[in-house]
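build me a model:
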Amino acid sequence: MAEMTQNLNRERLVANGIAGAVGGLIGGIAFGILMGMMGMLPMIAGMVGSSSVVVGFIVHMAISVFIGVTFGLIFGWRSRTYQSGIGWGLFYGLIWWVLGPMVLMPMMMGMGLQFAAAFTSPMLMSLMGHFIYGALTGLGFVWYSQR
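Modelled structure (predicted):
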């Protein structure tokens with residue numbers, strides 16, 4: 001009985017990770033289009049030593065899928081309805097708005113933490129993008145989970 005429960009838990013984790021990846025792709029495409037329109041993709045490419053828009057989009061999508069998988073693993077069990085998927089997605093988007101453009105990306109690029117810039121116009125646009133990404137990731141997660 002314990003082995004069966006363990007297998008079901010493992011299957012649920014895998015299913016949540018896959019659904020999160022799908023949600024991350026959906027959210028990532030929408031956010032990537034917005035980032036492209038704002039001219040941000042070359043900066044994302046800078047994380048891997050490039051300035052190419054295409055490289056920036058590929059890096060962005062890889063990050064989007066990773067974040068989507070972690071969304072599924074962390075919040076998947078709470079995201080069973082479209083409303084809860086949106087809610088947890090918005091929350092996770094907020095978390096990644098802090099972690100991404102204010103902590104991880106600037107540190108990778110030797111710029112130091114960017115908390116002082118949090119309420120500048122570019123960062124508020126980034127917040128909106130992260131909210132859109134999160135909401136669509138949550139929606140995509142629920143949609144794929146319910147298929």
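
contacts and neighbour counts: CA atoms only from here.
OK.

quick one: the helices in this protein?
When secondary structure is read from DSSP state H, the chain shows helices at 2-37, 41-45, 53-75, 82-97, 105-108, 121-145.

how about stretch 113-129: buried residues?
Buried residues in stretch 113-129, defined by neighbour count with 16 or more other C-alpha atoms under 10 Å: 114, 118, 123, 126-129.

wait, which of the residues you listed is closest to Val22?
Nearest to Val22 among the buried residues of stretch 113-129: Gly129, at 18.0 Å, using C-alpha to C-alpha.

for that closest one, what are its contacts?
By C-alpha atoms under 8 Å, 6 or more residues apart in numbering, the contact list for Gly129 reads 31, 34-35.

out of the residues you listed, which one sits closest to Leu99?
Using C-alpha to C-alpha, Phe31 is the member of the contacts of Gly129 that sits closest to Leu99, with 16.3 Å.

mind listing what the closest one touches?
129-130, 132-133.
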